[in-house]
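Visitor: Just need the structure, nothing else, for what follows:
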Amino acid sequence: MNDRASESHQARAAALYAEGNELRRQQRWGEAMNAYEQAAALDPDSPAVHARQMLVQIMEFYNKDQYNP
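Guide: Sure thing, here's the model as predicted:
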């Protein structure tokens, strides 16, 4: 992948990470998880990877009835 494509993926990943954060604040858990997963797929070094892991732990602890991986 060239640098320009890489920068484009990183920019899109950053936008998806920010979107996931906003969705999480709104307690739209599934949509937040999807945004984090898309961001992580585009940029494995994205903070979305860690955010997704934290959201999984939160869902497993607080929302067992709503979470079904």
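Visitor: And the helix ranked longest in the chain, what's buried?
Guide: Counting by DSSP state H, the longest helix found in the chain is helix 3-25. Buried residues in helix 3-25, counting neighbours by 16 or more other Cβ atoms under 10 Å, are found at 9, 13-14, 16-17, 19-21, 23-24. In short, each C-beta sits where N, CA and C put it, glycine included.
Visitor: list the helices and strands it packs on?
Guide: The contact analysis (3 or more Cβ pairs under 8 Å, 6 or more residues apart in numbering; DSSP states H and E) places helix 3-25 against helix 29-42, helix 48-62.
Visitor: separation between Leu16 and Gln10?
Guide: The gap separating Leu16 from Gln10 is 11 Å, by Cβ to Cβ, to the nearest Å.
Visitor: same thing with Phe61?
Guide: Going from Phe61 to Gln10 by Cβ to Cβ gives 31 Å.
Visitor: now Val56
Guide: Applying Cβ to Cβ, the value for Val56 to Gln10 is 23 Å.
Visitor: what do you get for Arg24?
Guide: The spacing between Arg24 and Gln10, counted by Cβ to Cβ, is 21 Å.
Visitor: Much appreciated, bye for now.
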